[in-house]
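>>> This is the structure alone, sequence omitted:
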């Protein structure tokens with residue numbers, strides 16, 4: 001997967017504690033396949049579940065659903081603009097109001 005993080009997004013994500021994992025989890029209740037991630041979750045480090053895997057974008061590790069790459073057509077750029085993360089690829093912007101949520 002061509003997975004990139006912009007410098008603006010790296011600045012925010014780089015502040016996350018090293019004992020945590022960034023998780024991108026699909027909202028199973030959403031009808032929209034590509035716009036169903038509304039937050040980047042910061043969770044305690046743990047092993048991946050049976051339907052999860054780890055991917056790396058610009059040296060940041062993300063726990064994702066197993067079919068994550070297929071949904072984003074094997075390309076994703078995570079940017080940070082006006083206080084929100086933006087998910088996009090070469091063809092479109094998927095979601096431009098993604099927050100960062102710390103889960104305890």
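On my side now, so go ahead. Values in this document were obtained by computation on a predicted structure and should not be read as measured data.
>>> longest helix of this structure?
As assigned by DSSP state H, the longest helix anywhere in the chain is helix 7-13.
>>> how far is whichever helix or strand comes after that one from where the chain is centred?
Using DSSP states H and E, the next helix or strand after helix 7-13 towards the C-terminus is strand 20-24. Centroid separation for strand 20-24 versus its chain: 8 Å, with C-alpha atoms, centre = their mean, to the nearest Å.
>>> Report all helices and strands that the worst-scoring helix or strand of the chain on mean pLDDT contacts.
Lowest by mean pLDDT, DSSP states H and E among the helices and strands of the chain is helix 68-71, with a mean of 83. Here helix 68-71 touches strand 52-57, going by 3 or more C-beta pairs under 8 Å, 6 or more residues apart in numbering; DSSP states H and E. Every C-beta, even on glycine, is put in place using the N, C-alpha and C of the backbone.
>>> in the helix or strand following the strand it packs on, what's buried?
Following strand 52-57 in sequence order, the next helix or strand is strand 60-65 (DSSP H and E). Counting neighbours by 16 or more other C-beta atoms under 10 Å, one finds that the buried residues in strand 60-65 are 60, 62, 63, 64, 65.
>>> Redo those residues as TSV? Include pLDDT and distance to residue 81.
Converted to TSV, the buried residues of strand 60-65 look like this (pLDDT from 0 to 100; distance: C-beta to C-beta, whole Å):
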residue	pLDDT	distance to residue 81
60	94	18
62	96	19
63	97	24
64	94	22
65	91	25
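>>> tell me which of those residues is nearest to residue 27?
Closest to residue 27 out of the buried residues of strand 60-65 is residue 65 (10.7 Å), distances taken as C-beta to C-beta.
>>> And the pLDDT at the residue nearest to the closest one when sequence neighbours are not counted?
With C-beta to C-beta, 6 or more residues apart in numbering as the criterion, residue 65 has its nearest non-adjacent residue at 5.2 Å, and that residue is residue 26. On pLDDT, residue 26 comes in at 82.
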